Structures are given as structure tokens and as C-alpha cells.
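>>> got a sequence here, can you build the structure:
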Amino acid sequence: MSKLLKIVMASSLVLGLAASTASADAVKGQKLFSKKLKKPCGMTGAKFAAKHSQDEWEAIKEAGNFEAEIIKICPAVKEGYIKESWQEDIYDFSYEYANDSGNVPSC
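Below you'll find the predicted structure:
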């Protein structure tokens, strides 16, 4: 009985960690912005995210124009530079620190 319980507990732990790792994250997006986009954009993450409100960022993302909007804001960034895997995290960062959110990032 205790062996079965250990297996169930270990499985839940692994599934819990896998589920949280797979989801997008504003903190990871902030790190990605600082490492990959801060220099080409020539602005801080706070200024970048404040370019739009949360509703505007959401509409841009839903329309499938998120990468194009980054390129519009940061002309030094070329198409294809922003990997698909980065986009969800950078979107979460932008949404979290949008101009109407009241939040200010530390980058």
C-alpha cells in the first residue's frame, strides 16, 4: 500500500511541475525581453510594455500580430528573430505590465 502511495505522490509532483513549466510566464518574458530585445528595442521593458493597454495587447495577440507589433515598436528586430517559444512569455510580460495595469517591471 505504501509503495502505491509513493508512486501516486511522485506522479502528482511530476505532473504538477510539468504543467506549470509548460505555461507562459511574465517573469520568464521579462528575462527574455532583457536578454534578447532590450538592446535592439533601445528601451526598457517598462516602456515597451506601456506602449499598449492590456486590452490592446490582447487584441494584437488574438489577431496573430504580436511579432509584427514587436517589429513595429522595435524596427531593429527583424522578422523571424523572435522564436515562437518566446512569444507567449513576452506577451504575458507585456500584458502584465501594460500601461493600464499599474504594475512596473524591474528591467
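>>> how about the residue most central in space within the chain: what's its closest non-neighbour residue?
A centroid search over the chain (Cα atoms, centre = their mean) returns Asp89, at 1.8 Å, as the residue closest to the centre. With sequence-adjacent residues excluded and distances taken as Cβ to Cβ, 6 or more residues apart in numbering, Asp89 is closest to Gly29, at 3.7 Å. Using the backbone N, CA and C atoms, a C-beta is placed for each residue, glycine as well.
>>> tell me where the model's unsure across the chain.
Applying pLDDT under 70 to the chain picks out residues 1, 4-24, 107.
>>> redo that, cut-off 50
Along the chain, segments meeting pLDDT under 50 span 18-22.
>>> now do the end-to-end distance for stretch 91-100.
15 Å (Cα to Cα, to the nearest Å).
>>> show me how far it is from its chain's centre.
Chain-centre distance of stretch 91-100: 9 Å, with Cα atoms, centre = their mean, to the nearest Å.
>>> Val104: neighbour count?
Neighbours of Val104 under the rule other Cβ atoms under 10 Å: 11.
>>> show me what contacts it?
46, 97 (Cβ atoms under 8 Å, 6 or more residues apart in numbering).
>>> same thing with Asp89?
Each residue near Asp89 by Cβ under 8 Å, 6+ apart is listed here: 24-26, 28-29, 32.
>>> redo that, cut-off 6 Å
24-25, 28-29, 32 (Cβ atoms under 6 Å, 6 or more residues apart in numbering).
>>> contact partners of the helix or strand hosting Lys38?
Element membership for Lys38, per DSSP states H and E: helix 38-41. By Cβ under 6 Å, 6+ apart, the list of residues contacting helix 38-41 from outside reads 48, 74, 76-77.
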